[in-house]
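Undergrad: Based on what follows, work out the 3D shape:
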Amino acid sequence: MMKLNKIFSILAVAAFISGCANNNTPEIEKYNAPRYLDSGVIELKVNKVDVISEFIPEFERPHVEQLFPVSIEKTARLWAKDRLDAVDYSSNKIASFIIKDASVTEEVEESGQLFYKDRLVYKANLNVVLKISDELGTDSAQTEIVAWRELAIPADTDIIEKEKYWNNMVQKLFDEFNVKMEENIHKYLNMYVANNTYIHTYDN
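TA: Numbers count the residues shown, from 1 in each chain. Purely as a prediction, here's the structure:
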């Protein structure tokens, strides 16, 4: 009986230690790419929508896009899937959604002052061209969006906090892109938008 009591005591201590370790371990958040299904589908009078990426990541600093929990390139692909649809299968027109840039750079900004921390400055870049062309590759119309966001955080920010900042940065980048690309489609590719009820407002 004494032996069993010792075994139970050891197990109880082990469980307590395990519980303490788990409580002190910060949870790693799972981040998902922002989606824009709720913004509605833009129906294009084309035979198909091709999503093409011409962006080649460099994997060397100052480029750090590979560290981001949410890829800008992947999010751009998902945006095209969520928002663009080909609805005229008899057309000889093709819409090409071309991702030209989806990079992020990191630079160290030294404070040079006592009691002030160095900072890490991130710049996220997104460059996308949407063009309409025929089967021979002759362009009919196109629009381009160049969007970017900049973020500065203390150099000693831990990775969990960094990922929160990075995720928020990507979200804001694409919220801006979502609005601007829709505006440009209706402004510059208007004749290829089916059932167009969009009303463009002009600034005074």
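Undergrad: What ranges does the protein have for its strands?
TA: Using DSSP state E, the strands assigned to the chain run over residues 42-44, 48-53, 84-86, 93-101, 104-109, 119-134, 139-154.
Undergrad: got the CA coordinates for the second one in PDB?
TA: Backbone C-alpha positions of strand 48-53 (Å, rounded to 0.1, in the frame of the first residue of the first chain) are rendered in PDB as follows:
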ATOM      1  CA  LYS A  48     -11.800  32.800 -68.100                       C
ATOM      2  CA  VAL A  49      -9.800  34.400 -65.400                       C
ATOM      3  CA  ASP A  50      -6.100  33.500 -65.200                       C
ATOM      4  CA  VAL A  51      -4.200  34.100 -62.000                       C
ATOM      5  CA  ILE A  52      -0.500  34.500 -62.700                       C
ATOM      6  CA  SER A  53       2.300  35.200 -60.300                       C
END
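Undergrad: check contacts around the residue most central in space within the chain.
TA: Central residue of the chain (C-alpha atoms, centre = their mean): Ile72, 3.5 Å from the mean position. Ile72 makes contact with Glu65, Ala102, Ser103, Val104, Ala124, Asn125, Leu126, Val170, Leu173 under the criterion C-beta atoms under 8 Å, 6 or more residues apart in numbering. The way it works is simple: take the backbone N, C-alpha and C, and place the C-beta from them, glycine included.
Undergrad: That one and Glu135, how far apart?
TA: 31 Å (C-beta to C-beta, to the nearest Å).
Undergrad: for this protein, which spans come out with low pLDDT?
TA: The chain contains residues with pLDDT under 70 at 1-28, 197-204.
Undergrad: most residues in a single helix of it, which one?
TA: helix 159-188 (DSSP state H).
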